[in-house]
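here are the coordinates; sequence isn't available:
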């Protein structure tokens, strides 16, 4: 980066030194003290931007002027006022002449800018005769006595106070700048001007050749853009300062001058735009936006040949584009890119020069520097110079990067562990690159200058020669695979052949022996279970398809058994996954070995080759039985498998016995394709689990009906959530002493449009399996909290509200946060909410979950364990959670007080809770005897049908207003 900064400073100094001479040369005509040149004071007589024919003032004035010059006083020549266009813009000025500055000489009046098609000057000489002069780009140089790029008029001797009138037609958007000079100053300035323009043009030509030398023809878009800009600027210079019409005999006539002028300006705009796009390396939408604005501006300038408004529109678009471009450039310049800094300086020079020239010609009657008239050309020249420096820096940087890239590519090639050969169309090796540390079938030196058919075996050489032919004919990369012996082993090689010119190819030979071995290993991993060695699901499905095809062809039946181990997850959770893996391996060995021996295998329908096993994943296995005559044969195999699995397996020092649920599907009775057969066997297996596990079931169509109904119920649950079909009922919890309502439990009901009121037992299990219990639970929690808020707003004293939370719901990532959000959103006190957890939650105490529960408890939320005593909970688990209440399961309460075991368990739970400072609620209280037993056992809170059934919100509100339920008296009838 420091080198770039130094290059920028050196290049800038050299450019300033070279261009300063041109700037001084252009400024000398205005800086010489002996020059008798002044700017004329102007007074606008009329302005016709749409042409004199559309201005009444201009028409009347021109008519009067034409009459005065065509009918002069006696002794004066008749003059004819030239025919001016009535539709092109025109202006008329009155020139104030300070006669004492010129004495008796004849001053010359001229336009500083060659923008007028006609420059007509009318005056009255000392003899009182009218005098007329017409010049401008509409007049050929042959009609002028002085060749000048400026329209001018040589005035005669004028009387004191004479009125000089100037008419300018086709003035575009620039105000005229009319100058007065004596003949000596005008001639000298003219000579210096042509010398400066020649120098200017010569410098541009030099820059064009330099740009072309910088790889413009070789495809460098930056160099090409710069060359295009310099050519466009040269064209503008030749046209704008009348160099072409002055020195080129075949230059187009005056009638083409407006078009040429518009084309030259548009060309400069396109050149600048093209250079900006390439120097900034704009792409995509930004390139399209700036390119579109450049093209629009150029089109507007082209239109100025026919309408002056196009010049103004083009200038406006170009001004906006220049500002946007300068913003981009400045941002990039501060990033440290030396070429962009030079490019920014160049564009800024043109903008400054254009601004100086534009402001210098506004107004009249002021002294201005001669250099201001050439500010834009000088700025353009500086721009071309700065851009040349930017081009040099950019190309040097690109060449440096290219050199580094070539070095990297060379390093990559030498680091590549492949044999690289350059071979011609006939198969002769022309060059090679031999890897250092790898032994190939042949060295490059052995191939150099020889035909591959003379060195390689015939089959391998033929394959390579065919690949060379295809690569050269098609112009595409070809791959050839060959096998060759290396050190008594067969190695596999891939030869990638790429065309290199019309008659040669580059061949990269890679040893892919390890890759081939890895592919074989991957194939085995893809088709076999790594744990048990049995075929996996993919292999099983392909083998099943083949067996089904054979069964169709031979018109034989076939059976598919789907096995799932019962309680396998419990073994993984308690003994670890290592024990579970060992158990799966033991079962796989038994299926492979034991089913092939004895009388069972000897049955006519079965032999050693007719059993195919596979492990589908997890604890699922399949057995394929080809050529099964009757369903009973498949049932016998199922019983044998269950007997095999029932034998205990020794894992470490512990014996484990597992059972299995087996589903059986038959071909073609239960399906004639692999997918259907597997689905029906799976359905039968799930039905076996529902029947108590450790049994087998044959598939029947009724099982599909049950599954379909289950799916339909799942869909109805989803729709019920969307349609708001669920309702909450509330069952009170009362004090065992006096019946005071001390709490309530929110219970969900489903108001189905066809089935009526559906109890939770009919749809909650389906919701648990499908995962819908999570959104249902969230709805229950939200609805319960909103109901508490409504009751409180109506002045009802609301006790604690208990809401059931499933293990699925508690395991959801955002559940604990959603509880907190619902409490905040509803505005209820957190201590009015109690979450009832199942004992299964305590079996998986994740640290993150426990921390979240304690956070809710700190807010005031209470927690209780529902159906306590029916699971696997222990006191250590209870103490790890913020549990405040135990709910005795109704299965213990149902047979109280007759069942002694239930009585002892209930009493123990109450005593344990009291010692742990926990609250207790007994669920399912339905009789007076149960009430009396629980009162005697000092159970503080009760819940059940004896006190109240679940109530809708309005009835529950009435009960809350009463505050208590009258307990049945002792000895009352049940």
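Sure, I can see it. As the structure is a computational prediction, the values presented were derived from the model and not from experiment. Numbers count the residues shown, from 1 in each chain.

what about residue 514, which helix or strand?
Element membership for residue 514 (DSSP states H and E) is helix 513-527.

and the following helix or strand past that helix, how far from the chain's centre?
As assigned by DSSP H and E, the chain's next helix or strand after helix 513-527 is helix 537-554. Put simply, helix 537-554 sits 45 Å off its chain's centre (C-alpha atoms, centre = their mean, to the nearest Å).

likewise for stretch 853-872?
46 Å.

same question for stretch 274-294.
23 Å.

one more: stretch 70-81?
On C-alpha atoms, centre = their mean, the centre of stretch 70-81 falls 81 Å from that of its chain.

do the same with stretch 733-745
The answer for stretch 733-745 is 60 Å, by C-alpha atoms, centre = their mean.

do you have the helices of the stretch 101-250 of the chain handy? List them.
183-211, 221-240, 243-247 (DSSP state H, counting those that start in this stretch).

next, format those helices as TSV and append mean pLDDT, mean neighbour count and distance to residue 901.
Every residue, glycine included, has its C-beta placed from N, CA and C. Converted to TSV, the helices of the stretch 101-250 of the chain look like this (pLDDT from 0 to 100; neighbours: other C-beta atoms under 10 Å; distance: least, C-beta to C-beta, whole Å):
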stretch	mean pLDDT	mean neighbour count	distance to residue 901
helix 183-211	73	17	105
helix 221-240	77	23	94
helix 243-247	69	18	120
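
residue 124 is nearest to which of these?
helix 183-211 (20.6 Å; C-beta to C-beta).

helices or strands up against the closest one?
helix 2-31, strand 37-39, strand 108-111, helix 221-240, helix 375-415 (3 or more C-beta pairs under 8 Å, 6 or more residues apart in numbering; DSSP states H and E).

got the angle between it and helix 375-415?
Helix 183-211 runs at 10 degrees relative to helix 375-415, counting by axes from the mean of the first three to the mean of the last three C-alpha atoms, to 10 degrees.

the inter-axis angle of helix 183-211 versus helix 221-240?
Orientation of helix 183-211 against helix 221-240 (the same axes, to 10 degrees) gives an angle of 160 degrees.

which residues of the stretch 801-950 of the chain fall in strands?
For the stretch 801-950 of the chain, the strands defined by DSSP state E, counting those that start in this stretch occupy 833-837, 862-868, 885-888, 919-922, 941-942.

try the stretch 551-700 of the chain
Secondary structure of the stretch 551-700 of the chain (DSSP E, counting those that start in this stretch): strands at 558-566, 612-617, 620-626, 649-651, 654-656, 659-667, 696-698.

what pLDDT, on average, does the second one get?
Over the span of strand 612-617, the pLDDT mean works out to 54.

do the fifth one as well
For strand 654-656, mean pLDDT is 77.

give the buried residues for it.
Buried residues in strand 654-656, counted by 16 or more other C-beta atoms under 10 Å: residue 656.

so which elements touch that strand?
helix 568-575, strand 649-651.

list the contacts of that strand.
Under the contact criterion C-beta atoms under 8 Å, 6 or more residues apart in numbering, strand 654-656 has outside partners 571, 575, 579, 583, 648-650.

what pairs with it, parallel or antiparallel?
Under the criterion DSSP bridges, strand 654-656 sits next to strand 649-651 (antiparallel) in its sheet.

weakest of the helices and strands packed on helix 183-211 by average pLDDT?
Minimum mean pLDDT among the helices and strands packed on helix 183-211: helix 2-31, a mean of 44.

quick revisit: and residue 940, which of the helices and strands packed on strand 654-656 is closest to it?
Comparing the helices and strands packed on strand 654-656 by C-beta to C-beta, helix 568-575 comes nearest, at 35.2 Å.

touching the closest one from outside, list them.
When contacts are defined by C-beta under 8 Å, 6+ apart, helix 568-575 is touched by residues 579-580, 583, 618-619, 651, 654, 656, 658, 843.

related to what we said a few turns ago, dump the helices and strands packed on strand 654-656 into JSON lines; add mean pLDDT and mean neighbour count as well.
What follows is those, written out as JSON lines (pLDDT from 0 to 100; neighbours: other C-beta atoms under 10 Å):
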{"stretch": "helix 568-575", "mean pLDDT": "74", "mean neighbour count": "14"}
{"stretch": "strand 649-651", "mean pLDDT": "79", "mean neighbour count": "15"}
